[in-house]
Structure formats: structure tokens, C-alpha cells
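Peer 1: No letters, just coordinates:
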């Protein structure tokens with residue numbers, strides 16, 4: 001009989017201790033964050049640190065993008081003289097694979113990084129002058145001449161016409177001295193035809 005009473009007392013004491021432990025644990029958790037008891041400790045640390053995680057917080061690290069073997073490299077040149085932008089796509093050289101934005105920028109001085117993703121890198125520059133492929137009417141040895149623009153804003157003489165600049169109106173002579181920018185050979189031929197008539 002004595003052993004039955006001891007077992008009952010022991011069971012009663014264990015039950016009280018177990019219920020008390022649960023109650024104390026619940027109250028301790030509730031006191032830490034009474035508005036949202038389900039919020040994690042990491043979320044609490046971020047909030048308490050004014051949006052900055054504490055040293056004890058484990059955060060996912062998101063690495064900055066880097067180039068890969070599949071990255072497209074695009075060079076865009078904007079020309080102030082004609083307002084055109086010329087884009088050229090190149091295959092990324094092997095030694096540039098695995099670089100971040102700053103490292104790519106160091107390899108291309110004079111270019112600005114306009115876009116940087118692992119799929120595509122766009123480099124941009126502003127150039128004074130006109131883009132290649134335009135035609136310029138000017139004067140060469142006293143005659144109307146036709147030039148074509150090449151890379152670097154230089155002119156390449158295509159032909160000298162048999163139209164003397166001295167027979168043209170003063171306004172046309174002035175425009176030819178400055179260089180008349182035209183977009184196509186059709187425009188050149190039309191203007192020369194108008195000058196000759």
C-alpha cells in the first residue's frame with residue numbers, strides 16, 4: 001500500500017513539473033514577442049538591428065553576377081554628329097569568363113557598363129563625329145567631291161565630280177566647305193543632280 005501511494009505521489013509530482021515546464025516555456029516565448037509569437041529569432045534580430053542583421057543571423061548570400069562562356073558582349077557607340085548608335089556583338093574572350101562588372105570595366109577603358117548580367121554585357125561610349133557609312137559632300141581642288149565616313153570619324157575620298165564649286169551659289173559653296181552630311185548614295189546623286197542643273 002505504501003508503494004502505491006509513493007507511485008501516485010511520484011506520478012503527481014512528475015505531472016505538475018511537466019505542466020509547469022510547459023507553462024514556463026510558453027510564457028517565456030510569449031514575453032519575448034507578444035504581438036507575433038511565431039516570428040523567428042532571425043527576423044527579430046533583423047528588426048532590432050534597424051533592418052540590419054546581427055552577427056548571429058544566418059543570411060543567404062547572393063553573389064553578384066559574373067560572365068560565363070555564354071555571355072553576349074555588346075559594344076554600343078553613340079555618335080554625336082549624326083545621332084546614330086551602332087551596336088556590335090562579339091563573343092566573350094576566354095580570359096574574360098568569370099569576371100564581375102568592375103573587372104570587365106577595367107578591361108575596356110573608355111567604355112561605360114550600361115548593362116551587366118551573366119547572359120549579356122552591354123558596353124557604351126559616346127563619340128564626337130559621325131558613324132561610318134555616311135556620305136559627305138565637300139570641295140576637293142575646287143570641285144565638288146564625295147567622301148564616305150569610316151571608323152574614327154575620318155573621311156575617305158570616293159570621287160571628285162566635274163562640277164566646279166565656283167559656279168555654285170554662295171550658300172551651297174559654304175555648305176560644301178563645312179561638309180554636307182548625307183545618309184545614302186541616293187541622296188548624294190540627287191543633290192549632285194540638283195547642283196548640276
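Peer 2: Sure thing, it's come through. Quick caveat, the model's predicted, so the values are computed rather than measured.
Peer 1: For the residue nearest the centre of the chain, which residues count as its bridge partners?
Peer 2: Central residue of the chain (Cα atoms, centre = their mean): residue 115, 1.3 Å from the mean position. Judged by DSSP bridges, the bridge partners of residue 115 are residue 122.
Peer 1: Return the distance of it relative to residue 68.
Peer 2: The spacing between residue 115 and residue 68, counted by Cβ to Cβ, to the nearest Å, is 15 Å. All C-beta atoms are positioned from the backbone trio N, CA, C, and that covers glycine.
Peer 1: related to what we said a few turns ago, residue 121 is in contact with the residue nearest to the centre of the chain, correct?
Peer 2: Yes - counting by Cβ atoms under 8 Å, residue 121 is a contact partner of residue 115 at 6.8 Å.
Peer 1: Next one: the residue nearest to the centre of the chain, what pLDDT does it get?
Peer 2: Residue 115 is assigned 94 on the pLDDT scale.
Peer 1: what's the pLDDT at the spatially closest residue to residue 163 that is not a sequence neighbour?
Peer 2: Distances taken as Cβ to Cβ, 6 or more residues apart in numbering put residue 144 closest to residue 163, at 4.3 Å, once the chain neighbours are dropped. At residue 144, the pLDDT value in this model is 93.
Peer 1: And the one 10 residues further on, by the same measure?
Peer 2: Residue 154 carries a pLDDT value of 81.
Peer 1: That one and residue 88: what is the separation?
Peer 2: Residue 154 is 18 Å from residue 88, where distance means Cβ to Cβ.
Peer 1: ditto for residue 73
Peer 2: Computed as Cβ to Cβ, the residue 73 to residue 88 distance reads 9 Å.
Peer 1: mind listing what's buried in stretch 119-128?
Peer 2: When burial is assessed from 16 or more other Cβ atoms under 10 Å, stretch 119-128 yields the following buried residues: 121-124, 127.
Peer 1: Is my assumption valid that residue 95 occupies a position in a helix?
Peer 2: Yes - Residue 95 sits within a helix when classified using DSSP: H, G, I helix; E, B strand; the rest coil.
Peer 1: ok, what's across the strand from residue 157?
Peer 2: As for beta bridges, residue 157 partners with residue 147 under DSSP bridges.
Peer 1: Can you pull out the low-pLDDT segments for this protein?
Peer 2: Within the chain, the set of residues satisfying pLDDT under 70 comprises 1-5, 29-62, 152-153, 196-197.
Peer 1: Tell me which stretches of it form helices.
Peer 2: Per DSSP state H, the chain has helices spanning 2-32, 41-48, 101-107, 170-178, 185-196. These are given in chain order.
Peer 1: coming back round to it: columns distance to residue 14 on top of the buried residues of stretch 119-128, output as TSV?
Peer 2: Putting the buried residues of stretch 119-128 into TSV (distance: Cβ to Cβ, whole Å) gives the following:
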residue	distance to residue 14
121	68
122	71
123	74
124	75
127	86
